[in-house]
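1. quick check, what structure comes out for this input:
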Amino acid sequence: MSTDTQPGSPNMQPGPESESDVIAATRKNNTRGKVLTASMVGTTIEFFDFYAYATASSLVFPALFFPNQTSTTQLLSSFAIFGVAFVARPLGSIIFGHFGDRIGRKKTLIASLLIMGIGTFLIGLLPTASTPGWVVLAPLLLVLLRFCQGVGLGGEWSGAALLATENAPKGKRAIWGTFPQLGAPVGFIIANLLFVGLNKWTSPEAFLAWGWRIPFLLSALLVAVGLYVRMSLMETPAFQLVSQKQQISKAPLATVFKTSWKPLILGTFIMFATYVIFYFMTAFTLTYGTSPATTDQAKTAAEAAGTSFDPAGFVAGLGYTKSEFLTYLIIGVVFFGIFTVVSGPLAEKLGRRKMLMGVTVLIAAYGLVVNVLFNAGTPGVIIALIVGFILMGLTFGPMAAYLPELFPANVRYTGSAISYNMSSVIGAGPAPFVMVALWQAEGGTIFYCGLYIIGAAILTLIALFLAKDTSDLDMEAQLS
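-> As a prediction, the model looks like this:
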């Protein structure tokens, strides 16, 4: 037994249940439908909340919370606050990872869901900077609530991944693990359908005044559904066995850095390309696609928003309306969902590592052609979105199985959470901001953004080359 694990009393008698009894009893209660629904519902809610902010940060927050800045600095300020959550996520991974490995996955998942949901709901109630007396306070509170979102999401993903994979039967972990991953495309579609509908059914003035708040306020209903489903579950077999064997770590963070530092580093970079392409496809392309393509369009948009227009700072986008480009994105995300499901059987058949290496090579190839595709008219844009989201599904799907499998059961929540969220800091957090800067530096094309994607893919390939395949791992038996 590891020296830093929680010792039991020397007179303590072994529990009456054998390991096989624990696993059988848990799987009888935690049925396939219950586990997969609970893991997917939770991440759907989390990603719905997250996408609601990402979409608003492109469409409305620049004007509502930074009204006294130029259009370019408005956008950069909005994306800078978007990145605040990624700074908070490692803190969330440490906090929730600690409790997930100490008191169990179920209770920790409930807490992470509440924090994320409350933060999102309060954003929907927040006065804007144009409200008298709120010009400074409104953006500051937006930063605080965005930080809360990040803390909640920092603990959510790894817990949902463990909920699915630690309950999965042998040979099905990658397949079951795709269900929490499905929360990303499903949450995206729900959030953006709401924004498309609101853009269509409300006037621009009404949307800016109150319509943007509706997706944030509706998160309260989704959180209630998620809590109901999760409360009915038992703890996962792997954690129950860790507890039964007196192997609960007293200090999961210290243990994981002491015994699993290599998987921490490799896991972080294994996720790197996934995160870069993820936020390129979602946050950046929405900005790029809906930015005016000509100075006349830019001037008209500035006049409609009541801001000044500086031709010297103009950078051409694709010029689509917000509703039009969101519709294209939703089409692409449907393929994201389909290929997330497809990735599970492929990862079981080929092995996680081999499959991910192949997909990462394709991501690098995508970086070479992304500028050409997005500048080939509407058919090219749609093809670029579909191909990018297919690659996103194939690389994102196996991660819920692969990252947790890199770590022992008694520090698995902490290890997988830190790897996943540290990757968000270096991969996802800077991506929209850096890509906007590269696009503007290049004067309106995104060739440099493609090079950024290629660089991320190379780093991920190196990490995968140094890692091991974990397809045949016994998740219950693996302890530090």
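
2. check residue 426 and give its pLDDT.
-> On pLDDT, residue 426 comes in at 88.

3. ok, now which ones touch it?
-> Residues in contact with residue 426 (Cβ atoms under 8 Å, 6 or more residues apart in numbering) are 268, 272. For every residue, glycine as well, the C-beta is placed using N, CA and C.

4. distance of it from residue 54?
-> 18 Å (Cβ to Cβ, to the nearest Å).

5. after the strand or helix carrying residue 111, which helix or strand is next?
-> Following DSSP states H and E, one finds residue 111 within helix 105-123. Sequence order places helix 137-165 as the next helix or strand after helix 105-123, per DSSP H and E.

6. what's the angle from that following helix to helix 105-123?
-> 150 degrees (axes from the mean of the first three to the mean of the last three Cα atoms, to 10 degrees).

7. quick check: buried residues in helix 137-165?
-> Neighbour-count burial for helix 137-165, counted by 16 or more other Cβ atoms under 10 Å, picks out 138-139, 141-142, 145-165.

8. verify the contact between residue 156 and residue 112 for me.
-> Yes. Residue 156 is in contact with residue 112 according to Cβ atoms under 8 Å; the separation is 4.4 Å.

9. what does the host helix or strand of residue 267 contact?
-> Assessed by DSSP H and E, residue 267 sits inside helix 261-270. Contacts with helix 261-270, where a contact means Cβ under 8 Å, 6+ apart, come from 256-257, 356, 399, 402-403, 406-407, 415-416, 418-420, 422-423, 426, 459-460, 462-464, 466-467.

10. filter those residues down to the buried ones, PyMOL style.
-> Selecting only the buried entries of the contacts of helix 261-270 in PyMOL, with 16+ other Cβ under 10 Å as the criterion:
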select buried, resi 256+356+399+402+403+406+407+415+416+418+419+420+422+423+426+459+460+463+464+467
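
11. and the helices in the stretch 201-350 of the chain?
-> 204-206, 213-231, 237-244, 252-259, 261-270, 272-279, 285-290, 295-305, 322-350 (DSSP state H, counting those that start in this stretch).

12. helix 261-270 and the fourth one, what's the angle between them?
-> Right, helix 252-259. 100 degrees.

13. what are the buried residues along helix 252-259?
-> Residues of helix 252-259 classed as buried by neighbour count (16+ other Cβ under 10 Å): 252, 253, 255, 256, 259.

14. what about stretch 289-304, distance to the chain center?
-> 31 Å (Cα atoms, centre = their mean, to the nearest Å).

15. quick check: closest non-adjacent residue to residue 175.
-> residue 344 (3.8 Å; Cβ to Cβ, 6 or more residues apart in numbering).

16. same check, this time on residue 193
-> residue 330 (6.7 Å).

17. who's in contact with the one you found?
-> Contacts of residue 330 (Cβ under 8 Å, 6+ apart): 188, 189, 192, 193, 196.

18. then residue 357?
-> 461, 464, 465.

19. am I right that the last one is in a strand?
-> Read it as residue 465. No. Under DSSP: H, G, I helix; E, B strand; the rest coil, residue 465 sits outside any strand and is assigned helix.

20. list the contacts for it?
-> Contacts of residue 465 were listed using Cβ under 8 Å, 6+ apart, and they are residue 357.

21. same question, the second one
-> When the contact criterion is Cβ under 8 Å, 6+ apart, the partners of residue 464 are 270, 353, 356, 357, 360.

22. let me have those residues in JSON lines, adding secondary structure, distance to residue 411 and pLDDT as columns.
-> Below are the contacts of residue 464 laid out as JSON lines (DSSP: H, G, I helix; E, B strand; the rest coil; distance: Cβ to Cβ, whole Å; pLDDT from 0 to 100):
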{"residue": "270", "secondary structure": "helix", "distance to residue 411": "18", "pLDDT": "97"}
{"residue": "353", "secondary structure": "helix", "distance to residue 411": "21", "pLDDT": "95"}
{"residue": "356", "secondary structure": "helix", "distance to residue 411": "23", "pLDDT": "97"}
{"residue": "357", "secondary structure": "helix", "distance to residue 411": "26", "pLDDT": "97"}
{"residue": "360", "secondary structure": "helix", "distance to residue 411": "27", "pLDDT": "98"}
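
23. now, which of those residues sits nearest residue 84?
-> Residue 84 has its nearest neighbour among the contacts of residue 464 in residue 270, at 24.6 Å by Cβ to Cβ.

24. quick one: that closest one from residue 403, how far?
-> 7 Å.

25. pull up the overlap in contacts between those two.
-> Common neighbours of residue 270 and residue 403 (Cβ under 8 Å, 6+ apart) are residue 419.

26. what is the mean pLDDT for stretch 235-242?
-> 85.

27. so what pLDDT did the residue nearest to residue 175 get?
-> For residue 344, pLDDT reads 96.

28. for it, give me its contacts.
-> 174, 175, 176, 177, 178, 397, 398.

29. name the helices or strands packed onto whichever helix or strand residue 101 is part of?
-> Element membership of residue 101 [criterion: DSSP H and E] is helix 84-102. Applying 3 or more Cβ pairs under 8 Å, 6 or more residues apart in numbering; DSSP states H and E, one finds that helix 84-102 contacts helix 105-123, helix 137-165, helix 252-259, helix 412-423.

30. list the contacts for residue 437?
-> For residue 437, the contact set (Cβ under 8 Å, 6+ apart) comprises residue 76.

31. just checking, it is part of a helix?
-> Yes. Counting by three-state DSSP, residue 437 is located in a helix.

32. quick revisit: what's the closest of the buried residues of helix 252-259 to residue 126?
-> residue 253 (33.1 Å).

33. I figured that closest one was touching residue 95, is that so?
-> No. Residue 253 lies out of contact with residue 95 (Cβ under 8 Å); the separation is 9.8 Å.

34. skipping adjacent residues, who's closest to residue 204 in space?
-> residue 304 (7.1 Å).

35. next up, the contacts around the closest residue to residue 159 other than its chain neighbours.
-> Leaving aside its chain neighbours, residue 159 sits nearest to residue 109 (4.2 Å; criterion: Cβ to Cβ, 6+ apart). Neighbour list for residue 109: 42, 100, 155, 156, 159, 160, 163, 230 [criterion: Cβ under 8 Å, 6+ apart].
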